[in-house]
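# Okay, sequence plus prediction incoming.
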Amino acid sequence: MTVKHFDWEHETRGKGLYEITEAIARRVRDSGLQQGMVTAFCRHTSCSLVLMENADPSAQRDLEAFIGHLVPEDHPDFEHTQEGPDDMPSHIRMALTRSSEQIPFANGRMLLGTWQGVFLWEHRRAPHHRKIVISVIGE
């Protein structure tokens, strides 16, 4: 078994879903490995990674709207607001989703479903520089 780690960075423009499927697929190809698992891990607590439909943007908009209703920015019980009203909601949104995704690959290609994509989900309003570690494990 071989393990290869790639550091990758992405600039966000603020809240939203940013598809990063191709960036991960490129690291799988660059690894030279043919089968195994690839893990993407986001090194932040106010954004997350999710598998989501990538064919119809309305599915992504619905997801964002739903989490906005589930974890509103103006919740009166939040104490952790030093960095603004979107700070604590961003942490909760990350905790409710994931900070990593694992995807199997074979023949050097990720085995995603037809409509699946991997997205970096920025939960903060302001643009951010996000760091992601992509680990390719296999043979």
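Cool, got the structure.
# Could you use CA atoms for every contact and neighbour count after this?
OK.
# Would you map the strands across the chain?
Taking DSSP state E as the test, the strands found in the chain are 2-11, 16-19, 36-42, 47-53, 100-106, 109-110, 116-122, 129-138.
# pLDDT of the fourth one, averaged?
Rounded to a whole number, the mean pLDDT of strand 47-53 is 97.
# With mean neighbour count and distance to residue 66 as added columns, please give the strands of the chain in TSV.
Output for the strands of the chain, formatted as TSV (neighbours: other C-alpha atoms under 10 Å; distance: least, C-alpha to C-alpha, whole Å):
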stretch	mean neighbour count	distance to residue 66
strand 2-11	14	24
strand 16-19	19	13
strand 36-42	21	22
strand 47-53	21	14
strand 100-106	17	21
strand 109-110	19	28
strand 116-122	22	14
strand 129-138	20	24
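# Between the ones you listed, which one is closest to residue 29.
Residue 29 lies closest, by C-alpha to C-alpha, to one member of the strands of the chain: strand 109-110, at 7.4 Å.
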